[in-house]
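# okay, here's the prediction I keep looking at, along with the sequence it came from:
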Amino acid sequence: MDIPQVVTDDDVDLDACAAEPIHIPGAVQSRGVLLVLDGGVVVQASSSVTALLGLDVDAVLGRPVEEVLGAEAGEHLHLDEAAATGPLADNLRRVTVQGRAWVAAAHRTAAGTVVVELEPLAADAPDAGEAFRTTYALLRQASSAASLQALYDQTAQGVRQLTGFDRVMVYRFDAEYNGEVVAEARREDLEPLLGLHYPASDIPPQARALYEKSWLRLISDVRARPARLVPALHPRTGEPADLTFAGLRSVSPVHLQYLGNMGVGASMSISLLDEGRLWGMVACHHYAGAHTPSLEVRAAAETLASGLSLQMVVRAAADRAQRAQAISAELAALTSPAGDEPVAEAIARPELLRLLDVDGAALRTSGTLATVGAVPDAVEAVLGTALAAGTDVFTSEALAARHPALADGLGEVAGALVVPLPDGDALALFRREVAREVTWGGDPRSKTLTREDDGSVRIGPRRSFAQWREVVHGTCRPWTDDDVQSAVAVRRLAVEALYRRSRPEIGAALALQRSSLPDTLPHPSGWQIQARYRPADGGRVGGDWYDAFPLPDGRIALAIGDVAGHGLGAASAMNQLRNGLRSLMVAHGAAAPAVEALDRLAKQLLPDDMATLLAGVLDPATGSFDYVSAGHLPPLLVGGDDARWVEVVRNPPLGYLRGPLQHHEVKIGDGQSLLLYTDGLVERRGTRISRRLEELRATAEVVLDLEVIEHRLSGLESEDDSTTLLVTAERPEQEQQQAF
């Protein structure tokens with residue numbers, strides 16, 4: 001590849017490459033054929049139809065796809081099932097065109113067109129079923145990984161095993177999208193890259209945005225010429241074809257030059273996502289020329305990486321949950337405000353610094369500022385700058401560099417972590433400067449500027465990737481997710497104390513709510529029952545509740561419910577409903593008549609309250625759970641590698657029922673679990689409930705630790721309280737031993 005003349009124009013915009021419209025390249029990689037269909041008719045085609053299908057491009061345009069590919073192939077595409085987005089595996093079809101086997105994928109664009117991609121299937125291509133069997137075996141193996149690092153390693157090794165690339169790396173991005181290689185599987189003769197850092201500019205913002213939509217991208221031959229789309233613009237829309245989700249999408253020349261400078265002949269990347277946000281990437285490099293894993297193998301690799309990505313996210317949440325659990329009790333003991341002492345002074349104590357591993361802290365509540373340890377003179381200015389950012393958590397490891405106006409007042413402080421409190425107050429944690437050495441995969445400042453033939457200037461990739469070490473000054477130790485969790489725990493403590501002092505009824509509501517939950521849970525032979533309740537941020541309680549108690553015949557009554565609202569009224573209504581349901585379940589011995597009677601009581605005694613409820617009776621001898629729902633969300637049945645929703649008829653909430661309730665029955669088999677939960681776990685402002693329910697289902701497939709699920713779904717802050725109840729049929733001891 002010829003590299004254009006290097007220039008040094010001082011006025012060149014170095015962010016120009018960030019504006020490159022890589023989702024509409026107007027070309028595809030020449031290993032396959034891409035057809036754009038409108039109403040089943042080809043309106044755009046890649047010029048590669050000539051080399052791969054022996055057809056003239058102009059002769060293809062305007063013809064139905066069945067005429068171009070053959071009636072049988074056109075029928076097998078199932079174009080009516082083409083999805084707007086989705087993993088590769090959802091859209092793959094094997095078809096025969098001109099007597100040769102091809103793999104086809106189809107998807108629908110926002111403009112209403114259908115994009116069909118075809119790649120020839122190599123004679124020695126592995127069986128698709130074998131690729132996916134390997135994938136699921138690796139996923140099962142990863143479920144028992146001892147640590148997050150073990151998951152990183154298994155991801156690199158598993159993807160290399162599936163795809164055959166010379167090197168597979170797992171990148172983890174920091175908050176600014178600088179990447180670190182945290183795991184690597186490679187050919188023995190290749191130099192290791194484990195532990196190297198790569199600057200965020202190596203992956204510009206529009207590329208990261210694309211990776212969050214399209215999870216996998218293969219460049220099968222860095223040196224191959226792209227095949228242009230004909231015509232360049234869609235005849236109906238007058239716009240370039242949107243190839244966001246096209247696996248054949250052509251690649252930015254800057255990125256091709258970047259790979260060429262690294263000596264890479266082929267590459268593949270798979271996104272690692274957390275709730276749609278790119279947090280890492282699996283990067284695959286091949287050095288011995290072109291390399292083209294089949295579409296089916298790539299689909300299997302995507303499935304593996306997405307499954308392992310979720311396991312990594314959940315594992316990280318589990319690690320944070322364990323640390324949060326360990327730190328919460330000690331925090332409460334060390335910093336619990338007492339008497340009339342201002343909340344800020346009661347919390348900002350020397351012991352806090354040791355517990356949070358910081359050098360200083362400042363807490364401003366109700367006009368009182370209390371400080372301890374190394375705190376900048378310009379502490380109020382720091383708080384103002386952090387709050388003006390408008391984020392839930394403000395972190396900076398280099399305050400002086402990022403906010404020069406603060407530099408003169410920082411003293412020995414280099415970094416800060418700030419979380420806001422109500423009424424414009426805040427908690428700030430500070431750390432001193434710690435000089436540290438970072439090893440980059442090449443000097444991140446060694447970008448080049450190149451003059452094109454038309455006189456335009458573009459930024460080019462780094463030419464050298466030799467290890468380059470940099471000593472970073474003016475920064476503190478990085479703020480981790482654990483640090484953020486700890487700061488939020490202190491914030492909750494402060495907010496709860498403020499609420500209790502300003503609104504005594506909140507403390508009464510919390511006491512009433514907690515006294516209404518059972519002190520112990522039943523433990524029938526062969527079964528385990530667990531439950532958790534989490535108040536909303538600041539200790540505010542609502543009407544969420546759970547119950548589990550034995551009936552006279554040895555069966556177990558289970559219930560989970562939610563009274564609308566917060567505070568003493570909601571807690572009081574919840575307490576009345578809970579006690580009423582207990583009596584009715586004992587009297588009737590079945591959920592449906594008990595809940596129908598409870599509805600009549602609610603209409604008579606609590607006409608202004610609304611509550612949802614799911615109640616049932618578990619027979620420990622058979623595993624049968626007979627249940628009804630009054631407006632409540634469906635339970636989740638989890639077993640092995642699968643989690644599925646259990647059928648419910650969502651009758652109206654309590655107080656609004658009409659007619660008899662229809663009950664359902666589900667069998668909980670050995671090793672299976674039934675998860676009940678309230679809507680506070682899955683509802684989040686601005687996010688569709690269907691998406692949140694899918695996140696819960698996917699998380700439960702990986703882990704059934706209630707605290708981990710709570711941390712994963714509810715996050716750092718929660719506007720609503722939540723309750724979870726988990727019932728597990730434990731495997732017989734002999735079966736458990738065989739499983740290991």
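It's in.

# count the neighbours of residue 669 for me.
11 (other CB atoms under 10 Å). For every residue, glycine as well, the C-beta is placed using N, CA and C.

# surely it is in contact with residue 640?
No - using CB atoms under 8 Å, residue 669 is not in contact with residue 640, being 9.8 Å away.

# and residue 609, what does it touch?
563-565, 569-570, 573, 602, 655 (CB atoms under 8 Å, 6 or more residues apart in numbering).

# give me the neighbour count for residue 432.
16.

# ok so, going back, from the contacts of residue 609, which land in helices?
The helices, defined by DSSP state H, take in 569-570, 573, 602 from the contacts of residue 609.

# quick check, nearest of these to residue 386?
Checking those against residue 386 by CB to CB gives residue 570 as the nearest, at 33.8 Å.

# now the strands for the stretch 501-650 of the chain?
Counting by DSSP state E, counting those that start in this stretch, one finds strands in the stretch 501-650 of the chain at the ranges 527-534, 542-550, 556-566, 611-619, 624-630, 636-639, 642-645.

# most neighbours per residue, which of the ones you listed?
strand 611-619 (a mean of 25; mean count of other CB atoms under 10 Å).

# how far away from the center of its chain is that strand?
31 Å (CA atoms, centre = their mean, to the nearest Å).

# and for stretch 182-189?
The answer for stretch 182-189 is 26 Å, by CA atoms, centre = their mean.

# check stretch 97-109 too.
In this view, stretch 97-109 has its centroid 31 Å away from the chain centroid, taken as CA atoms, centre = their mean.

# and what of stretch 310-328?
Relative to its chain's centre, stretch 310-328 lies at 14 Å (CA atoms, centre = their mean).

# same deal with stretch 661-671?
Distance of stretch 661-671 from the chain centroid (CA atoms, centre = their mean) equals 30 Å.

# you'd agree residue 428 is in a strand?
Yes - assessed with DSSP: H, G, I helix; E, B strand; the rest coil, residue 428 lies in a strand.

# OK, contacts around it?
Applying CB under 8 Å, 6+ apart, the residues near residue 428 are 361-363, 379, 382-383, 386, 416-418.

# and if we set it to 7 Å?
361-362, 382-383, 386, 416, 418 (CB atoms under 7 Å, 6 or more residues apart in numbering).

# try residue 494
By CB under 7 Å, 6+ apart, the residues touching residue 494 are 343, 347, 363, 365, 421, 427.

# could you do residue 46 as well?
Residue 46 makes contact with 28, 33-34, 227, 229, according to CB under 7 Å, 6+ apart.

# switch these over to a markdown table; also include pLDDT.
A markdown table is the format used below for the contacts of residue 46 (pLDDT from 0 to 100):
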| residue | pLDDT |
| --- | --- |
| 28 | 91 |
| 33 | 95 |
| 34 | 94 |
| 227 | 91 |
| 229 | 92 |
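
# please narrow those residues to those residing in strands.
28, 33-34, 227, 229 (DSSP state E).

# between the residues you listed, which is closest to residue 628?
residue 34 (52.5 Å).

# correct me, but that closest one touches residue 245?
No - Residue 34 lies out of contact with residue 245 (CB atoms under 7 Å); the separation is 11.6 Å.

# ok, these two, which is more surrounded?
residue 34 (27 against 23).

# from the contacts of residue 609, which is closest to residue 266?
Nearest member of the contacts of residue 609 to residue 266, counting by CB to CB, is residue 564, at 57.0 Å.

# residue contacts, residue 282?
Contact analysis of residue 282 by CB under 7 Å, 6+ apart lists 155, 159, 168, 170, 269-270, 272, 305.

# repeat that with 8 Å
155-156, 159, 168-171, 269-270, 272, 305.

# wait, a helix at it?
No - according to three-state DSSP, the state of residue 282 is strand, so it is not within a helix.

# so for it, what's the pLDDT?
The model reports residue 282 with a pLDDT of 92.

# who does it bridge with?
residue 170, residue 270 (DSSP bridges).

# relative to residue 58, how far out is it?
Counting by CB to CB, to the nearest Å, the gap from residue 282 to residue 58 is 40 Å.

# who wins on neighbours among the ones in strands among the contacts of residue 46?
With neighbours defined as other CB under 10 Å, the most crowded of the ones in strands among the contacts of residue 46 is residue 33; it has 29 neighbours.

# which SS state does the closest residue to it other than its chain neighbours fall under?
Using CB to CB, 6 or more residues apart in numbering and skipping residues adjacent in sequence, the residue nearest residue 33 is residue 118, 4.7 Å away. Assigned with three-state DSSP, residue 118 falls in the strand class.

# gap between residue 118 and residue 248?
Computed as CB to CB, the residue 118 to residue 248 distance reads 9 Å.

# now do the shared contacts for the two.
Common contacts of residue 118 and residue 248, defined by CB under 8 Å, 6+ apart, comprise 32, 34.

# ok, which stretches of the stretch 451-600 of the chain are helices?
In the stretch 451-600 of the chain, the helices defined using DSSP state H, counting those that start in this stretch lie at 481-502, 504-516, 568-588, 591-605.

# of all those helices, which one is nearest residue 702?
helix 481-502 (18.0 Å).

# how about the closest one: buried residues?
By 16 or more other CB atoms under 10 Å, the buried positions in helix 481-502 come out as 482-501.

# how far off centre is that helix?
25 Å.

# now do the helices in the stretch 1-150 of the chain.
Going by DSSP H, counting those that start in this stretch, the stretch 1-150 of the chain shows helices at 48-53, 57-60, 65-69, 71-76, 128-142, 148-163.

# tell me the phi and psi of the residue nearest the centre of the chain?
In the chain, the centroid-proximal residue (CA atoms, centre = their mean) is residue 274; its distance is 1.8 Å. Reported as degrees, to the nearest 10, the phi and psi values for residue 274 are phi -130, psi 110.

# for the residue nearest to it when sequence neighbours are not counted, grab the count of nearby residues.
Using CB to CB, 6+ apart and skipping the chain neighbours, the partner closest in space to residue 274 is residue 313 (4.8 Å). When counting by other CB under 10 Å, one arrives at 22 neighbours for residue 313.
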